[in-house]
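Participant: From the sequence below, what's the structure:
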Amino acid sequence: MTTYYVNSSVGADANAGTSVNAPLASLAAVSALKLKPGDVVLFSSDNEYQGQLDVKYSGTVENPITFGSYGSGEPPVLTGGSVGIYGSKTSNIVIENLAIEKTVGNAIYAGSASNWTIQNVTVADTGTSAKAGSISFQSSSNITISECHISRTAGDGIWMLNVKGANLVRNEVSNAYGHDADAIQLNSSSNIFLKDNVLDMSGNNSSAKGVLVLVDAKGALVDGNVITGGGFGISAQGQDITITHNDISGYHGYSWSYGIGLGQQVDAKNYIISDNYIHDGVWGVSVSAAGTDTLTRTGISITGNHFDDLSSAALKVDRAASGLFEGNVITESVSKDIYLSQAVKDAGTFLTIPSEIASTGYQTSPPLVVEDTRDLPLVPNPNEMDLGSHSSPTAIANYLNAGSDTLVFTDVNELSFSGNVLTNDYSGNGVLLLRNLNGSSFKHSPVMNIESKYGVLHIERDGDYTFTVDVDQLDSLSGVVKETFQYKISNGAEIDAGYIFISIDADRILTSIVVDDFL
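Facilitator: Coordinates of the predicted model:
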């Protein structure tokens, strides 16, 4: 196992490159190395490297080949190549702590690859009008992309086709541009895990599409992501798909724009959509398609979500479908609760149970909890959920699940709400611990008092909390203001994140104060 050093400022390609004092200089020299399992290639920080890095050799599971950085300063930048990093037909590769900029085409591309990990990589200004600048994988397996910052790519920020095992965790993707650009698009892929990503297309006016797209997906868990902007939030077409704990907002541009959409392109089968905060858009969840079709849409469970500030209904079902809409919270700022086409009403296959209309502080109802073994399938066997016969799904809970809490304040006489964040959480093994709030641990402090933008949150280690609105902070504000707290729970083996969503109608509260003072 050998470590190679590369420094474009002081290196020389005639060097062996095996010491910091005699580094290589160029990407061409690195591409020419006959790397072996366990070898490491480190690029010096605060330097640029012109051209394309070709990954030609494979590591092993125990000893991957790693490309990273050394030294302090800004990450080394790979720039100007046709592709930033090219690695088709390779396996067990780690790419970390690098930056890729101003490529003609993809930032990273590999086909027929397996066991790649890309972590803490910055991608910016890649691709052209003729070629996409995405991180792209095709016909590959076990691809992990984590803690990467991707912005201003031509085309999608991350694009995959026919990938088995796509793990995208804690990435930030923003302002992908071009007519067909999405932050992330995964096609004909399976065993998909998207967790805690921040995807923002709000600053892009050139794309006619949305933020997150799954086409013909088989087995996907989309959890804890913040999704903003675009013509739609999540387009999830496929089967065995779970979408939970996401914050989806700011999607506009079309009369059909939706927070979560399904039922187009391929048959839709076995969905769990729960504990999402869907707001500031057009439709909430849309089960629909363009034109007429013969697709099937079955086993769709929509529970425990919070819908706020939508110009159309929280739920739209206008194509043949079977499912359940229950235990959701719909605020008064949503234009209409539910829209079912007459054909769907007549068929009687989509059960809708009246949802709570929020006008003051409240907590969401407990979420639907389903078995999750972290292996495929990611959602229950459809035979265990007969949603087409108007029977509620049976909870088969044996895993950790944090159900979010939503508080809405519109009344000057009710500016404080108390509850327990653990009430609608589930441990799976009888042990449920509150670990931290907004990154601060309860390990050394049983109580936290947080002065936030619009109030004070008092929370204790046993989960009891009180949020009190600070009216003085609302002065000069208008409309509905929002803020979010993240908390994490543990059952001793796993950790999951939940949220406390705060929504305050400043206009109503301030108007009430003025009237009271006058009287």
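Participant: C-terminal to the lowest-mean-pLDDT helix or strand in the chain, which secondary structure element comes first?
Facilitator: Here the helix or strand of the chain ranked lowest by mean pLDDT, DSSP states H and E is strand 356-358, holding a mean of 54. Using DSSP states H and E, the helix or strand that follows strand 356-358 in sequence is strand 405-409.
Participant: Give the pairing partners of that following strand; include direction for each.
Facilitator: strand 495-505 (parallel) (DSSP bridges).
Participant: helix, strand or coil for Ile260?
Facilitator: strand (DSSP: H, G, I helix; E, B strand; the rest coil).
Participant: distance of it from Gly71?
Facilitator: For Ile260, the distance to Gly71 under the criterion C-beta to C-beta, to the nearest Å works out to 44 Å. All C-beta spots, glycine's among them, are computed from the backbone N, C-alpha and C.
Participant: Need the per-residue pLDDT for the residue nearest to Gln264 when sequence neighbours are not counted.
Facilitator: Once flanking residues are discounted, Gln264 sits nearest to Ala289: 4.5 Å by C-beta to C-beta, 6 or more residues apart in numbering. The per-residue pLDDT reported for Ala289 equals 89.
Participant: so who does Ala289 touch?
Facilitator: 263-265, 295, 319 (C-beta atoms under 8 Å, 6 or more residues apart in numbering).
Participant: Around the closest residue in space to Leu262 that isn't next to it in sequence, how many other residues sit close by?
Facilitator: The shortest distance from Leu262 to any non-neighbouring residue, by C-beta to C-beta, 6+ apart, is to Ala268 (4.8 Å). Using other C-beta atoms under 10 Å, Ala268 has 25 neighbouring residues.
Participant: Gln239 is in contact with Ala268, correct?
Facilitator: Yes - using C-beta atoms under 8 Å, Ala268 is in contact with Gln239, at 7.0 Å.
Participant: how close does the closest residue to Gly105 other than its chain neighbours get to Ser82?
Facilitator: Distances taken as C-beta to C-beta, 6+ apart put Lys131 closest to Gly105, at 3.9 Å, once the chain neighbours are dropped. Using C-beta to C-beta, Lys131 is found at 8 Å from Ser82.
Participant: so what sits against both of the two?
Facilitator: 104-105.
Participant: Run through the stretch 301-450 of the chain and note the low-pLDDT ranges.
Facilitator: 354-400 (pLDDT under 70).
Participant: All the helices of the stretch 201-350 of the chain, residue numbers only.
Facilitator: 342-347 (DSSP state H, counting those that start in this stretch).
Participant: Where does pLDDT dip in the stretch 101-250 of the chain?
Facilitator: Short version for the stretch 101-250 of the chain, where the test is pLDDT under 70: 204-205.
Participant: ok, the residue nearest to Gly105 - contacts?
Facilitator: Here Lys131 is in contact with 104-106, 154 (criterion: C-beta under 8 Å, 6+ apart).
Participant: where's it relative to Trp159, distance?
Facilitator: 12 Å.
Participant: who has more neighbours, Ile260 and Gly71?
Facilitator: Set Ile260 next to Gly71 and count neighbours by other C-beta under 10 Å: Ile260 wins out with 28 against 15.
Participant: Verify the contact between the more buried one and Val285 for me.
Facilitator: Yes - counting by C-beta under 8 Å, Val285 is a contact partner of Ile260 at 4.8 Å.
Participant: Mutual contacts of the two, please.
Facilitator: With C-beta under 8 Å, 6+ apart, Ile260 and Val285 have common neighbours 273, 278.
Participant: Who are the contact partners of the spatially closest residue to Gly259 that is not a sequence neighbour?
Facilitator: Nearest residue to Gly259 in three dimensions, chain neighbours excluded: Ile278, at 3.8 Å (C-beta to C-beta, 6+ apart). With contact set as C-beta under 8 Å, 6+ apart, Ile278 has these partners: 233, 248-249, 259-260, 284-285, 305-308, 310, 314.
Participant: which ones among those are found in strands?
Facilitator: 248-249, 259-260, 284-285, 306-308, 310, 314 (DSSP state E).
Participant: and the closest residue to Val104 other than its chain neighbours, how far is that from Gly51?
Facilitator: Nearest residue to Val104, sequence neighbours excluded (C-beta to C-beta, 6+ apart): Ser82, at 4.9 Å. Distance of Ser82 to Gly51, given as C-beta to C-beta: 9 Å.
Participant: Look at those two and report which has more neighbours.
Facilitator: Gly51 (18 against 13).
Participant: Okay, and that one sits in which element?
Facilitator: Going by DSSP H and E, Gly51 is part of strand 48-54.
Participant: Quick check: what element follows that strand along the chain?
Facilitator: Following strand 48-54 in sequence, per DSSP H and E, is strand 65-70.
Participant: Direction included, what does that following strand pair against?
Facilitator: Strand 65-70 is paired, per DSSP bridges, with strand 40-44 (parallel), strand 91-96 (parallel).
Participant: Check which helices and strands the strand holding Gly51 is in contact with.
Facilitator: Strand 48-54 makes packing contacts with helix 27-31, strand 77-86 when contacts are defined by 3 or more C-beta pairs under 8 Å, 6 or more residues apart in numbering; DSSP states H and E.
Participant: List the contacts of the first one.
Facilitator: Right, the one you point to is helix 27-31. Here helix 27-31 has contacts from 4, 6, 13, 17, 24, 41, 49-54, 56, 78, 81, using C-beta under 8 Å, 6+ apart.
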